[in-house]
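> how would this look folded up:
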Amino acid sequence: MQINQTLEETLALRDYDLRMHNVRIHLDLAENFPVTSADPHQLQQVFLNIMNNAVDAILEHSTEGDIWVRTALNRDRLCIEITDSGPGVKDASRVFDPFYTTKPVGKGTGLGLSICYGIITEHGGTIRVRNIPSRGASFTVELPLQPAAPLVFSTPGQRAVSGRDGRILLVDHDDSVLEAVGAILRGRDHRVQTAKRHS
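The predicted structure is shown next:
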């Protein structure tokens, strides 16, 4: 995947909303940023979550604001920095804790940034936050540069290996979850066996 492209696509998803709330985006994307092996959908979820939090923080204290998005290559690490003009985070040491939220009751679950932390950790990277006095909160994501594996073309008679046709055991205590998730996975050509967990 190309991280700059994923960032631009993420911003495009919020473009109308950003303009309606007078939030200006300042892009400083490194040229010739290398392609890396990563899950673009999961990383887009991370970037979107950080952007959403930035917009919420800005609009809590102002009717307009700015978000700066920067990418850089630091030796074998890909760095993505998203900074907002909000008031900063209250407790930087806790923002990635599950269920920790500073949002009003009913506004946030406190799961967003802990999920981001999990996704980035699974990718072998790090995510951290600090307050920048002249601006607001600044999130830095660092990912290892993992060159994409060359495409392998199968010869006739060889079965191409794909992410489909897997065997999955799905366990949950809720029948509706088992039914819904099972249907999605079966729709993607996986063989699914479900088992109900009793609390």
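> Who does residue 80 form a beta bridge with?
For residue 80, the beta-bridge partners are residue 71, residue 141 (DSSP bridges).
> and it, what is it in contact with?
With contacts defined as CB atoms under 8 Å, 6 or more residues apart in numbering, residue 80 is in contact with 3, 7, 47, 69-71, 140-143. (C-beta placed from N, C-alpha, C; glycine too.)
> Kindly present the residues you listed as CSV, with separate columns for pLDDT.
Listed next are the contacts of residue 80 as CSV, based on pLDDT from 0 to 100:
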residue, pLDDT
3, 93
7, 94
47, 94
69, 96
70, 96
71, 96
140, 93
141, 94
142, 93
143, 95
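> Which ChimeraX command selects the buried ones in the residues you listed?
Of the contacts of residue 80, the buried ones go into a single ChimeraX selection, burial set by 16 or more other CB atoms under 10 Å:
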select :3,7,47,69,70,71,141,142,143
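> Let me know the closest of the contacts of residue 80 to residue 27.
Distances from residue 27 to the contacts of residue 80, taken as CB to CB, are shortest for residue 69 (5.4 Å).
> if we can go back for a sec, need the contacts of residue 80 in CSV (columns: distance to residue 23).
Listed next are those as CSV, based on distance: CB to CB, whole Å:
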residue, distance to residue 23
3, 22
7, 16
47, 15
69, 12
70, 17
71, 19
140, 20
141, 20
142, 25
143, 25
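> Can you tell me which of the contacts of residue 80 is nearest residue 84?
For the contacts of residue 80, the residue nearest residue 84 by CB to CB is residue 69; the value is 10.1 Å.
> The closest one: which element?
Residue 69 is part of strand 65-74, with elements assigned from DSSP states H and E.
> Can you give me the domain boundaries for this structure?
As assigned by automatic domain parsing, the chain contains the domains 3-144, 167-196.
> what's in contact with the helix ranked longest in the chain?
Scanning the chain for the longest helix, with DSSP state H as the assignment, gives helix 40-61. Contacts to helix 40-61, defined as CB under 8 Å, 6+ apart, come from residues 1, 3, 6-7, 9-11, 13-14, 17-18, 21, 23, 64-67, 80, 82, 84-87, 103, 107-108, 112-113, 115-116, 119-120, 122-123, 127, 136-137, 139, 141.
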